[in-house]
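Asker: got a predicted structure plus its sequence, pasted below:
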2 protein chains.
Amino acid sequence: MSDVPQLPPSLLGITAFLLSKVGIAGRRRMGDRLRGHGIGLWDMAVLAALRDFGPASQRELGARLGIDPSDLVEVMDTLVPLGLVERERDPEDRRRYRVAVSPAGRATLEAALREAGEVRDDLLAALDEDERATLHALLRKAYAGLEPRARA
Amino acid sequence: MSDVPQLPPSLLGITAFLLSKVGIAGRRRMGDRLRGHGIGLWDMAVLAALRDFGPASQRELGARLGIDPSDLVEVMDTLVPLGLVERERDPEDRRRYRVAVSPAGRATLEAALREAGEVRDDLLAALDEDERATLHALLRKAYAGLEPRARA
DNA sequence: CCCAATAGTTGGTTCTTACCAAGGATTTCC
DNA sequence: GGAAATCCTTGGTAAGAACCAACTATTGGG
């Protein structure tokens, strides 16, 4: 029957354990869905950053999202050929690129955000609307308090 | 100043994103603390399973916790030399081991659970007692609804 | 003009997690 | 008693993320 894990109550009493478990499940599902759009999680993050904050250099993107500049290269190698971003040399400083979301990129981001909504509904199937909202608010609050020293 | 990431609002609106971020931070902190006790996350899980459910074979442990039997080997290679578990051949079936927590193992588990409490306090520093309890209850509910198909 | 700093790229390492295949020892089934 | 199954172990593989050093090109300061 149950080749489903029967986890020890001791562990289920640990908030960090539950957070990690549910978080990993969510991340995995999100990654699976984005794969259907030909992009990854980082690609989505970059599209979101460009839409929310406007065009930026790769350096700015990296600093903003906490990605190493060298790792951003492969993100661009995904987004540019797909036409999801437009990348051109900054005329004022030809060392940098000026990266901007394209209309296609916006559409893909919209689709990705819809996927995220479905992942949430799936992940939190056991919770009703109010509970989901409460959970989100609490996570947001906790994360906000965490961020300043997040990388310690 | 801020080399701290300034994340796009679009992403902060995604519950799965927050779950993943906070979950990873918690997992990382927990791992760091356990390292001080000479064990890892899986080792703690095994100690918890043995204490909560009693002695078991490695196969049972693996099925229970969702670890591949081959990966359990190195867990035992950690726990046995530290004297945290007692492992002896099952007299009734000498293929299997009979693994049990030792008194030292119980003590280490207690310490690990205390660390988990401190990690929670750290991770959820922005939340008050009630909010932490609510968050935990919601996560537990969500995870319970998730588990049946968790590995799909 | 030369030197230092910056933007991006290349190529590599390390770590973690999760698998899978095969083999030795032991038991169970027929 | 022999074949098949079970338990553990060994020794891989593969994917993912994070990180770092060194290189090219471009820019700006002195």
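Answerer: Good, I have the coordinates. Numbering: from 1, shown residues only, chains lettered A, B, ... in the order given.

Asker: contact residues of chain A facing DNA strand C?
Answerer: A:57-60, A:69-70, A:72-73, A:76-77, A:93, A:95-97 (CB under 7 Å from any atom of the strand). Every C-beta, even on glycine, is put in place using the N, C-alpha and C of the backbone.

Asker: longest strand anywhere in chain A?
Answerer: strand A:93-101 (DSSP state E).

Asker: wait, what's in contact with residue A:38?
Answerer: A:78, A:82 (CB atoms under 8 Å, 6 or more residues apart in numbering or on different chains).

Asker: now with 7 Å?
Answerer: Residue A:38 is in contact with residue A:82, counting by CB atoms under 7 Å, 6 or more residues apart in numbering or on different chains.

Asker: flag the shaky bits of chain A, pLDDT-wise.
Answerer: Along chain A, segments meeting pLDDT under 70 span A:1-4, A:149-152.

Asker: helices of that one, start to end?
Answerer: In chain A, the segments counted as helices under DSSP state H are A:9-12, A:15-35, A:41-53, A:58-65, A:69-79, A:103-123, A:129-146.

Asker: just to revisit the earlier point, going by neighbour count, list what's buried in the longest strand of chain A.
Answerer: For strand A:93-101, the neighbour count (16 or more other CB atoms under 10 Å in any protein chain shown) marks A:97, A:98, A:99, A:101 as buried.

Asker: quick check, the first one in contact with residue A:87.
Answerer: In this case it means residue A:97. Yes. Under the criterion of CB atoms under 7 Å, residue A:97 makes contact with residue A:87 at 5.0 Å.

Asker: list residues touching both of those two?
Answerer: Counting by CB under 7 Å, 6+ apart, nothing touches both residue A:97 and residue A:87.

Asker: residues near the residue nearest to residue A:138 when sequence neighbours are not counted, how many?
Answerer: Distance criterion CB to CB, 6 or more residues apart in numbering or on different chains; nearest residue to residue A:138, sequence neighbours excluded, is residue B:135 at 4.6 Å. As a burial measure, residue B:135 scores 24 neighbours (other CB atoms under 10 Å in any protein chain shown).

Asker: show me what contacts residue B:135?
Answerer: A:15, A:135, A:138, B:124, B:127.

Asker: need those in JSON lines (columns: distance to residue A:65).
Answerer: Listed next are the contacts of residue B:135 as JSON lines, based on distance: CB to CB, whole Å:
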{"residue": "A:15", "distance to residue A:65": "26"}
{"residue": "A:135", "distance to residue A:65": "24"}
{"residue": "A:138", "distance to residue A:65": "24"}
{"residue": "B:124", "distance to residue A:65": "24"}
{"residue": "B:127", "distance to residue A:65": "25"}
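
Asker: quick revisit: near chain B, anything from the longest strand of chain A?
Answerer: No. Shown here: strand A:93-101 not in contact with chain B (CB under 7 Å from any CB of the partner chain), separated by at least 11.3 Å.

Asker: report the angle between that strand and helix A:69-79.
Answerer: 50 degrees (axes from the mean of the first three to the mean of the last three CA atoms, to 10 degrees).

Asker: and the contacts of strand A:93-101?
Answerer: A:47, A:50-51, A:55-59, A:61, A:85-90.

Asker: kindly recompute the last result at 6 Å.
Answerer: Residues outside strand A:93-101 that contact it (CB atoms under 6 Å, 6 or more residues apart in numbering or on different chains): A:47, A:50, A:51, A:55, A:57, A:58, A:85, A:86, A:87, A:88, A:90.
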